[in-house]
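Engineer: only geometry, no sequence info:
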């Protein structure tokens with residue numbers, strides 16, 4: 001049996017939404033993250049060459065009818081992945097009759113490049129406004145800063161490690177003054193992931209203190225209640 005007659009694993013995917021969590025929209029700036037996830041998935045199913053051709057792929061042009069049919073079938077399947085993971089606005093913008101996967105992929109890239117400068121401004125503003133008080137915990141806060149930093153890098157506005165660490169510290173509340181001072185005093189600054197680890201450990205320590213304080217308060221209340229009850233007997 002030739003390779004062209006074998007069932008390709010790409011065709012077994014019934015719902016791409018179960019594999020790629022992000023849906024790309026014009027309104028949010030997640031193009032770079034979306035592209036990374038899509039490429040990883042395409043690579044794992046051995047169809048990356050349908051969106052990013054290499055020199056080797058140019059040498060392996062489908063020749064037989066079976067090879068051409070398989071290529072065409074796979075290309076349509078990957079095109080369906082793209083259409084399923086973009087917003088309706090983007091879909092209507094890039095949708096064209098008989099378009100190939102690579103043509104659709106390149107149109108999305110063009111849309112992103114056309115808006116690169118305005119997205120850079122938007123991302124930078126959000127990066128410097130990010131504050132830990134707007135997140136459930138330190139981990140989510142650090143994750144958002146890292147995400148924004150990665151997205152800025154994708155629009156050629158790379159943030160240095162020191163800049164990311166400083167912004168992380170600036171966005172902390174007074175409760176984290178201890179770890180903020182500790183990070184600032186480091187020379188050189190810790191790597192961003194190390195600073196995030198320090199912040200997370202500090203948060204755990206603060207949570208334990210709060211729990212202990214509440215426990216002591218409850219015990220005191222019970223003792224006072226018991227003493228008050230005894231004094232009235």
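Structural biologist: Alright, I've got the coordinates. No experiment lies behind these values; they were computed from the predicted model shown.
Engineer: Name the next helix or strand following the helix-or-strand element of the chain with minimal mean pLDDT along the chain.
Structural biologist: Using mean pLDDT, DSSP states H and E, the weakest-scoring helix or strand in the chain turns out to be helix 55-59, at a mean of 60. As assigned by DSSP states H and E, the chain's next helix or strand after helix 55-59 is helix 65-84.
Engineer: For stretch 11-22, buried residues please.
Structural biologist: 16, 20, 22 (16 or more other CB atoms under 10 Å). Any C-beta I mention is one placed from the backbone N, CA and C, and that applies to glycine too.
Engineer: how about the helices of the chain, start to end?
Structural biologist: Ranges of helices in the chain, per DSSP state H, are 31-44, 55-59, 65-84, 88-94, 101-114, 116-129, 138-154, 161-170, 177-185, 192-231.
Engineer: can you put these in TSV and add mean neighbour count and distance to residue 11?
Structural biologist: As requested, the helices of the chain are arranged in TSV below (neighbours: other CB atoms under 10 Å; distance: least, CB to CB, whole Å):
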stretch	mean neighbour count	distance to residue 11
helix 31-44	17	14
helix 55-59	8	19
helix 65-84	16	6
helix 88-94	13	22
helix 101-114	16	14
helix 116-129	15	35
helix 138-154	18	31
helix 161-170	18	42
helix 177-185	15	50
helix 192-231	12	39
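Engineer: care to break the protein down by domain?
Structural biologist: 3-114, 116-231 (automatic domain parsing).
Engineer: Ok, which of the helices of the chain comes nearest residue 7?
Structural biologist: Closest approach to residue 7 among these is made by helix 65-84 (10.1 Å; CB to CB).
Engineer: Name the nearest residue to residue 11, sequence neighbours excluded.
Structural biologist: Nearest residue to residue 11, sequence neighbours excluded (CB to CB, 6 or more residues apart in numbering): residue 77, at 6.0 Å.
Engineer: can you pull the contacts of that neighbour?
Structural biologist: 10-11, 13 (CB atoms under 8 Å, 6 or more residues apart in numbering).
Engineer: ok so, going back, now, among the buried residues of stretch 11-22, which is nearest to residue 100?
Structural biologist: Ranked by distance to residue 100 (CB to CB), those are led by residue 16 at 17.6 Å.
Engineer: Please tell me I have it right and that closest one contacts residue 79.
Structural biologist: No - using CB atoms under 8 Å, residue 16 is not in contact with residue 79; the gap is 11.0 Å.
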